[in-house]
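Participant: Here's a sequence, model it:
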Amino acid sequence: MTTLHATSGGESLPEAAARRLREVMAGIKLSQKRFGELTGWGRGHVYQRYSGAVPLDIAELECIEETTGIQIDYLLREKGPKYVPPNGPDTGGDQVSERSTVQSCQGAPQGLRPFLRLVQSEAVAQ
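Facilitator: Model prediction:
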């Protein structure tokens, strides 16, 4: 399988997405524990994606955006806003609300990598 490179430094797309996720989480003061609570994912699942050991799949990216407000486009392409509060603009500035009412994504399928195919097809089209 061909590895897609997201940066001139040779960083793969999954590595870049994990790095951007870490950066945004730090910026909005979202801990791994709270991230797991919002998404409904266990500690190990969160750590594997957070560290980049396991690439994020499209269902996981959608879950992250829906539950935390961290934007898919930013994670994949570093375009657009990094973060949009999931419950609207009145959730306390740049922090994820402790009272978030967004449902977790426990049913998200695991192990899919369609976003790589999507980005690869976009890269070929350019």
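Participant: For residue 83, give its distance to residue 49.
Facilitator: The gap separating residue 83 from residue 49 is 17 Å, by CB to CB, to the nearest Å. The way it works is simple: take the backbone N, C-alpha and C, and place the C-beta from them, glycine included.
Participant: which one of the two has more residues nearby?
Facilitator: Taking neighbours as other CB atoms under 10 Å, residue 83 and residue 49 compare with residue 49 leading, 24 against 19.
Participant: Now the nearest residue to that one once chain neighbours are set aside. Its backbone dihedrals?
Facilitator: If the residues on either side of it in the chain are set aside, residue 49 comes closest to residue 56, at 5.4 Å by CB to CB, 6 or more residues apart in numbering. According to degrees, to the nearest 10, the main-chain angles of residue 56 amount to phi -70, psi 140.
Participant: from what I can see residue 56 touches residue 17, true?
Facilitator: Yes - counting by CB atoms under 8 Å, residue 56 sits close enough to residue 17 to count as a contact (5.7 Å).
Participant: what do these two both touch?
Facilitator: residue 75 (CB atoms under 8 Å, 6 or more residues apart in numbering).
Participant: Tell me which residues touch residue 43, please.
Facilitator: 32-33, 36.
Participant: all strands in the chain, in order from the N-terminus.
Facilitator: Here the chain has no strands by DSSP state E.
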